[in-house]
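Engineer: Below are the sequence and a predicted model for it; my questions follow.
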Amino acid sequence: MIPIAYTFVFSFNDSIKSNIAWRGFTLDKWLNVCSVEGGAVCEAFGNSIVIGVAATVIATTLGTMIAIALVRYRFRARGAISLLLFLPMATPEVVLGAGLAAQFLAVGVAKDMTTIVLAHTMFCISFVVVTVKARVASLDPALEEAGRDLYGSPSQVFWRVTFPLLLPGIVAAALLSFALSFDDFIITNFNSGSVSTFPKYVYISASRGIPAEANVIASAVFLFALVLVIVAQVSRAARAKRLAGLG
Amino acid sequence: MAFAAFQTAEAVPQAPRRRSRIALLLLLPGILYLVLFFITPLVSLLLTSLQAPREFGDIGQYDYAFNWQNYVAVVEAYLPHILRSFGYALAATVLALLFSYPLAYFIGVKARRWPLLQGLMLVLVIAPFFISFLLRTLAWKQILSDESFIITSLKALSLMAPDAHFTGTPFAVIFGLTYNFIPFMTLPLYTTLERLDLRYLEAGSDLYANPFTVFRKVTVPLSMPGIVAGTLLTFIPAAGDYVNASRDFLGGPDTQMMGNVIEANFLVLLNYPAAAALSIILMAAILVLVGVYVKRAGTEDLL
Amino acid sequence: ACSTGGAQGKPDAAVDDSANDPTLNWANWAAYIDEDDSGAYPTLERFTEETGITVNYEVAVDDNNTYYGKVKDQLALGQDIGADTAVLTDWMIARWIRFGYAQKLDHANIPNLANLSPALRDPDFDAGREYSVPWQGGFAGICWNTEAIPGGIESVDDLWSPDLKGRVGVLSEMRDTMGLIMLQNGIDIAGDWGDDDFTAAIDVLRTQVDNGQVRNIKGNSYLEDLKSEDTLAAICWSGDITVLNAEAGDKWKFALPTAGGTIWNDNFLVPIGSPRKTNAEKLINYYYEPEIAAEVAAWVNFITPVVGAKEAAIAIDPELAENQLIFPNEETLANAHIFRSLDGAEEQKYQAQFQSILLGA
Amino acid sequence: MAVREFAERGADLQLVGIQKRFPGFTAIEELDLTIPAGSFFALLGPSGCGKTTTLRLVAGLEEPTNGRILIGGRDVTDTKAHERPVNTVFQSYALFPHMSVLENVAFGLKRRRIDDATGRAHEALRLVELDHLAQRRPAQLSGGQQQRVALARAIVNRPALLLLDEPLGALDLKLRRQMQLELKTIQEEVGLTFLHVTHDQEEAMTMADTVAVMNKGSIEQMGAPAELYELPRTVFVANFLGQSNLFTGEVVGSTDAAITVDIGGARLVVPTSRAQRHHGQVTVGVRPEKVALHQDAPAEASDRNIIGPGRVIDVSFSGVSTQYIVAIPGAGTVTVFAQNTGSGPVVAEGGEVWVSWPVEHGFGLDDVPAPAARFASDDDTNSIAVQRREALVAELEEG
Amino acid sequence: MAVREFAERGADLQLVGIQKRFPGFTAIEELDLTIPAGSFFALLGPSGCGKTTTLRLVAGLEEPTNGRILIGGRDVTDTKAHERPVNTVFQSYALFPHMSVLENVAFGLKRRRIDDATGRAHEALRLVELDHLAQRRPAQLSGGQQQRVALARAIVNRPALLLLDEPLGALDLKLRRQMQLELKTIQEEVGLTFLHVTHDQEEAMTMADTVAVMNKGSIEQMGAPAELYELPRTVFVANFLGQSNLFTGEVVGSTDAAITVDIGGARLVVPTSRAQRHHGQVTVGVRPEKVALHQDAPAEASDRNIIGPGRVIDVSFSGVSTQYIVAIPGAGTVTVFAQNTGSGPVVAEGGEVWVSWPVEHGFGLDDVPAPAARFASDDDTNSIAVQRREALVAELEEG
Ligand SMILES: Nc1ncnc2c1ncn2[C@@H]1O[C@H](COP(=O)(O)OP(=O)(O)OP(=O)(O)O)[C@@H](O)[C@H]1O
Ligand SMILES: Nc1ncnc2c1ncn2[C@@H]1O[C@H](COP(=O)(O)OP(=O)(O)OP(=O)(O)O)[C@@H](O)[C@H]1O
Ligand SMILES: [Mg+2]
Ligand SMILES: [Mg+2]
């Protein structure tokens, strides 16, 4: 918690270039986040969001498909596929980053946003599979059968029964993917070419002392997430209470 | 919520099905993707690790060969870093476990009666996820620098030698690793403990076990899946981490880990075969360790 | 595969399309150009006004090696790396030129090149400045916390004094740290020295690191250590200390050691895949106007290579013109030395030795 | 689509030579079965005997390895589940947890694009008296209420054939007995064909018009409940459908009307028409409630079988009746039920008694019982099923 | 440690003025109870009435809000669970899933450092005939086997008091009846005090020496099974412990020996000693098996209550007996059980009949029944508890 508070406090620092010494309180940085260095922070932040969303969408789709297949079907290559899914999680990020970077080179692909998205998708898939798999495993197949029994065609059964029931798992997986992608530095660093992302921006500017604007953005993201989660928790608890009282 | 991701729900028995074309269709895109973007890089990494320097070549120029001596060379040169990586990762994992277990136990078991408190505590645990870990680590560096309030107080209280310092020491690196991976440890622990059936604990005390024995004989074994998941999620990235140990963050010259060595070889020395060989060694070592660990913990079905 | 480095044949330069494309991507280091309070770059804005070329200024270089690591694969393929001009340090420039990663400049487009300081016109890695043009330069020397060390320090050897045990920082830039130590050892780093000379200096550094005299070896972030007082004295770059003093109270002083310091330059070059070479040349030409150069120098506090800038600077701030760290006089310059170019094999060899200290055992 | 129509009344169901093999296990060996339209048919059998499998075959959720399935005369063997005019009330209800009760009930109607799905769903909910909970989620209902929703969800589609897979299995005894009556009432109201699966013999007998007793994948005996109960043909049926006193011995005499069996010296007479086998070693039996206790030796009578004397070794009071267990040397133990028309037991533990029953209530079986263990043996169908499934799961996990 | 010893025989249990409040809910109002050493005592009551809470108080898993608990005369109210000479067979067995059957059974012995824990555990497993499965994990056992392991795990410690919380609840009827006999046999063999909790009245009656009927946190009636059954004192007991025919009316005459109640014109006589109230509006009743059917009006007799004529509206065959429901104008419906000593029902649906029963079998209750709904009402204790919990779970799952 302490570092978070520190980050938060220093987002109000009236610094000039670097942000290592406390020079007084100002709201300027919050009001003019995007102006420093021609908006580099905001651009990096925007890139991070775009990459996070793209990687999340692809990884969640592919991972969910694999998860369903793994739970619902039996096939000989199961063991191999499970291993293939475990490997990226067991591989240190440096290795993933370096390996993939070399691969892009060998194929002659220029590094840009696309390569970052491809890289992020790769390490997110495994996490998605693990998350969604648990949800699929706890889904009673009788529910899908009930759907079929009640005249639902296979696609209707999927979209009206299976998918809504898997949704909490899929959403959790997507959030996890996004968080992983958004905060990834090591793999990004190897595969980004000249594209800037928020962690990269922080790392690069770390050498000069991070501009207060980075703290502003980080704090804002943090506050936003915190408020979101707390609102969700409180309303959930309130609902639980209401229902308990009602019974 | 992100922490829901660590939840594993009670599985319902699934009827074994026939092999199916649908399964293939579902699997194919994802698996192809992984083969393309995970397996092939791995293979070329393997090939790179066997490259030999080009004759009369400039810096960073290598040719394909079967130069397995690369492995011998890097192990000779960097054995201390290899051992240090695993040592630090292990220490961080143990510390994170010691810190997280009581925390997760409190949130998952004790706080069950107060869902609001449980929710808020969970939020605090996952809060660090929302701030870039680079920023958090840098903040620690500032907070624990020699002239910082904490360190000067410690010195004033004679809890630290006057000429001792924190940043740049192994302790600082392990501290950083521990701090950064605590959420990864806490969340899986929380999800198993949250589902821990308290009736087993009651059965334990009914059968004459005192609270400590109940914990040792019942609670711990039953939360094993969480412990295994948490330690893996902590140990693996910690062993490969290079940010905490980096000289620009919490580390110093004698705390460099494998990640730093790989980075230096890859970016500064342009010694790609060495970097690749080290990567392969790191990965193989982790796989072996994880395999042995998971076997011994008896939780192969974790994945 | 991990790159085999430079390709067999050198890549071909991209076709210039500047005439149709009035834009320019400039990759530079952090805090390396004048900036106003609102975060805009005044000199760049004027350049755009004058030429109609929009400049996308990017803080993309955090470190010579890292930047090289990120773009080298594309360079080898002759692709556009997203920068039409990048600012890199001498020795890295040397590598790019050797590998054929830089485009030959058309001096006809840079008439102001005449303002280039004569001392910098003929470096051994780029005779006649065919490929590169200096942007800013600087000294590596020693600096100290004046509150903790009121007496100051004079030489690299003073850093090894027992009083400073555990509170000394050195740079992770090999040429600067090793250069200073070698100078202290009496070596002419610009001249013909060999393995033994280097190894002797390495041994000095190793001893000081091993016995805990040296607290840490860092890149730019050494400033934070100075500020947080983790280190009290260090091997430093000249311009940084001015910035630090401005930010965190006048507490630090920089000096060239008595045995001499190093001087280096960061240079513009045009990467091989850039289709906007002419635009880049216009930019270089613009920054070689003495008035413009003076404006930049006044902000970044590094040494400008532009002759006439000092005179222009007097008009802005007479005090500034007296600052030896920005407008050094002959005497100061005589005490600053350029680290000689290394070939590939040497680079690899010496870096390996240096890195082995950085990585510890 | 054929299923677009509402069934005016139930259709009949025919299973012809059905066989179902799972990898490594044959769940149904060979099954022939005809269920007349509009009837309430119960499939009764122990756990794991193949009841659910049979239902799933009919619903189209599983394909038979061999054989044909006809509903209302139409061959539906190759028809998909969602195209069959059949609905199921699942063993676990399988209510959609993410939909309200109303949405659950309207689901099938909406899939068939039937007008006024919501109106009809409300109507079905009124039938099961749950319309006031239409907006709740299934998780907010008690077990009995969920069961009624599942029923409404199936009935609202007016299927030609309604399959019920132990819909009452999860309820407690009291609620279960109550729901049995409700279900029977509803079936009579809507007139559909019900195929009801259960392992509770009392449930099968009180509810169904026809009961089929299934064992290890095939039907052992089928008929009206009273018929099955009064004249079981095999040891399995005799024991599964209520309790029986069984005696095994040699046939020592036989006339056109009856056979005589020697049981450790005592002679038991069974009408020939009620005996499946007429010579050699046979097992004969009688229901405990048909047996009378005598504290004095009763007079011999040609229309009663009498054995004794024996000793009462256990008396157990269960409210409505008292159960006596009598050990008779040579014949084993005999269980006697006596309704408590008075208060307290007629005979105390340890008393000497004779037992007798009318010849017309005895029956002769087709097979002889296997020796029994003190506890349920570990290879009863139930535990076999559990073990087999778990072995399978373990095996598949490994691979 | 006191618990280090093996109980030679059971100890008695005394609950004195026990009260238990949960936040916002009083589970037990005021409970006094004495269970004699060595007895088999059943606590019978509907779901949610506080049975489990009572057991948990005795086991020390919950602390009473008020009152004292004495085991064998020693006050254990403030003693920790693991220090009480009590063991529990849990409602859900609570077998440790990570230990083998043997380790489960030896767990308690090892905690008390008793010599030869393994040997004794094997012995206990032999007692429940599961020694051959000692190395399996609980998940690899069937429900009945798990139940036996749970029993062995408790019994092996020879506790002074063994608590059983619906140990048979999860078994199917057949296995359940069998296990009841086994449990009873084992209790007799080991001679410990058993406190058995159940909501199955038949189970309570067949197994226990003494039954206490619990309702909404307090004990309504307690006594030997036959005593409770023959002479229930409240509507709740009359209905919960078996079925009853109840009639409510005014007392119109009373003598020392009997009271007379007017039921829609018919006069019912109940012995004074068997009636809880002797004037005003009272409810009197009789058990269905005590009632006789008559197809012709029976002759008046001073020792029989006769009502009729009425019409048979339902005949349902359940094997052992047939249940007739007779609607009698003015008196409501009367249920009659007739044991099937012959074949087929005596009277067909729609027949006109009279019913009668001996005066000595009637009983008069302390309270009057509340009107009933067609389906189980949605607010019985069971469904409330279920709904509350499930609603909560669902809510929490969603987020
Ligand atoms: N998909 C399958 N693969 C292999 N065996 C199966 C499969 N489905 C069912 N079985 C086996 O077929 C047998 C019959 O199963 P079924 O579910 O029909 O029993 P049931 O009579 O419905 O039992 P219960 O009363 O327990 O529901 C069991 O032994 C079961 O283990
Ligand atoms: N921890 C608790 N907090 C609040 N209420 C509780 C708690 N435990 C039990 N109750 C309530 O106390 C009442 C009695 O519960 P108890 O578990 O003793 O019932 P029971 O008779 O064992 O029922 P069942 O037959 O369902 O097991 C129930 O209404 C229950 O909801
Ligand atoms: Mg079934
Ligand atoms: Mg209970």
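Structural biologist: Everything's here; your move. Ligands and ions are numbered 1, 2, ... in the order given.
Engineer: Tell me which stretches of the stretch 1-150 of chain C form strands.
Structural biologist: Using DSSP state E, counting those that start in this stretch, the strands of the stretch 1-150 of chain C run over C:23-29, C:54-61, C:85-89, C:132-145.
Engineer: least reliable of these going by mean pLDDT?
Structural biologist: Lowest mean pLDDT within the strands of the stretch 1-150 of chain C: strand C:54-61, at a mean of 83.
Engineer: which residue does the stretch 51-200 of chain B bring closest to ligand 1?
Structural biologist: The nearest approach of the stretch 51-200 of chain B to ligand 1 comes at B:Asp197, 24.3 Å away (C-beta to the nearest ligand atom). Placement of C-beta: from N, CA and C, glycine included.
Engineer: for stretch B:69-81, the distance to its chain's centre please.
Structural biologist: Relative to the chain's own centre, stretch B:69-81 is displaced by 23 Å; criterion: C-alpha atoms, centre = their mean, to the nearest Å.
Engineer: Using a markdown table, please lay out the strands of the stretch 1-150 of chain C together with mean neighbour count and distance to A:Lys200.
Structural biologist: Shown next, in a markdown table, are the strands of the stretch 1-150 of chain C (neighbours: other C-beta atoms under 10 Å in any protein chain shown; distance: least, C-beta to C-beta, whole Å):
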| stretch | mean neighbour count | distance to A:Lys200 |
| --- | --- | --- |
| strand C:23-29 | 22 | 13 |
| strand C:54-61 | 20 | 10 |
| strand C:85-89 | 26 | 17 |
| strand C:132-145 | 25 | 23 |
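Engineer: These: which one's closest to E:Asn239?
Structural biologist: Closest approach to E:Asn239 among these is made by strand C:54-61 (83.5 Å; C-beta to C-beta).
Engineer: So which residues lie in contact with the closest one, not counting its own?
Structural biologist: A:37-38, A:40, A:194, A:196, A:204-205, C:22-30, C:33, C:41, C:44, C:47-48, C:67, C:82-83, C:86-88, C:283 (C-beta atoms under 8 Å, 6 or more residues apart in numbering or on different chains).
Engineer: any idea where the helices of the stretch 1-150 of chain D begin and end?
Structural biologist: Ranges of helices within the stretch 1-150 of chain D are D:51-59, D:101-111, D:117-127, D:143-155, based on DSSP state H, counting those that start in this stretch.
Engineer: Hmm, D:Thr206 and D:Leu183 touching each other?
Structural biologist: No - using C-beta atoms under 8 Å, D:Leu183 is not in contact with D:Thr206, being 10.3 Å away.
Engineer: hmm, back to that, and the gap between the closest residue to the residue of the stretch 51-200 of chain B closest to ligand 1 other than its chain neighbours and E:His82?
Structural biologist: Leaving out its chain neighbours, the residue that sits closest to B:Asp197 by C-beta to C-beta, 6 or more residues apart in numbering or on different chains is E:Ala94, at 7.4 Å. Separation of E:Ala94 from E:His82 (C-beta to C-beta, to the nearest Å) stands at 15 Å.
Engineer: Please identify which of those two sits among more neighbours.
Structural biologist: E:Ala94 (24 against 21; other C-beta atoms under 10 Å in any protein chain shown).
Engineer: can you tell me which residues contact that one?
Structural biologist: Counted by C-beta under 8 Å, 6+ apart, E:Ala94 has contacts B:197, B:199-200, B:202-203, E:150.
Engineer: how much space between it and E:Arg153?
Structural biologist: Distance of E:Ala94 to E:Arg153, computed by C-beta to C-beta: 9 Å.
Engineer: D:Thr53 now?
Structural biologist: D:Thr53 is 35 Å from E:Arg153, by C-beta to C-beta.
Engineer: Can you tell me the closest non-neighbouring residue to A:Asp149?
Structural biologist: Residue nearest to A:Asp149 in three dimensions, not counting chain neighbours: D:Thr88, with 4.8 Å by C-beta to C-beta, 6+ apart.
Engineer: what about the one you found, neighbour count?
Structural biologist: 30.
Engineer: Thought A:Gly147 was touching it, still the case?
Structural biologist: No - if you go by C-beta under 8 Å, D:Thr88 and A:Gly147 don't touch, sitting 11.2 Å apart.
Engineer: Let me see the contact set for C:Asp84.
Structural biologist: Contacts of C:Asp84 (C-beta under 8 Å, 6+ apart): C:24-26, C:270-271, C:274-277, C:279-280.
Engineer: nope, C:Glu331 is what I meant
Structural biologist: Neighbour list for C:Glu331: empty [criterion: C-beta under 8 Å, 6+ apart].
Engineer: I'd guess it is in a strand, am I close?
Structural biologist: No - in this structure, C:Glu331 is helix, not part of a strand, as judged by DSSP: H, G, I helix; E, B strand; the rest coil.
Engineer: hmm, back to that, D:Thr53 and E:Arg153: which has the busier surroundings?
Structural biologist: Shown here are D:Thr53 and E:Arg153; by other C-beta under 10 Å, E:Arg153 has more neighbours (32 against 20).
Engineer: wait, does stretch A:48-60 make contact with chain C?
Structural biologist: No - judged by C-beta under 8 Å from any C-beta of the partner chain, stretch A:48-60 and chain C are separated, with a smallest distance of 15.8 Å.
Engineer: how far out from the middle of the chain is that stretch?
Structural biologist: Here stretch A:48-60 shows a centroid-to-chain-centroid distance of 7 Å under the convention C-alpha atoms, centre = their mean.
Engineer: now do stretch D:248-257
Structural biologist: Chain-centre distance of stretch D:248-257: 31 Å, with C-alpha atoms, centre = their mean.
Engineer: In that stretch, which residues are buried?
Structural biologist: D:248-249, D:251, D:254 (16 or more other C-beta atoms under 10 Å in any protein chain shown).
Engineer: Same list, those, but only the ones touching chain B.
Structural biologist: Okay, of those, nothing touches chain B (C-beta under 8 Å from any C-beta).
Engineer: Out of those residues, which two sit at the greatest distance?
Structural biologist: The widest separation within those (C-beta to C-beta) is 16.6 Å, between D:Thr248 and D:Ser254.
Engineer: Where does pLDDT dip in chain A?
Structural biologist: In the predicted model of chain A, residues A:1-40, A:193-194, A:206-213, A:233, A:236-247 satisfy pLDDT under 70.
Engineer: any idea which helix or strand carries residue 225?
Structural biologist: You didn't say which chain, so I picked chain A. Assessed by DSSP states H and E, A:Ala225 sits inside helix A:212-246.
Engineer: Please refer instead to chain B.
Structural biologist: helix B:224-240.
Engineer: now for that helix, which elements pack on it?
Structural biologist: helix A:78-90, helix A:93-107, helix B:69-108, helix B:170-194, helix B:258-263, helix B:272-297 (3 or more C-beta pairs under 8 Å, 6 or more residues apart in numbering or on different chains; DSSP states H and E).
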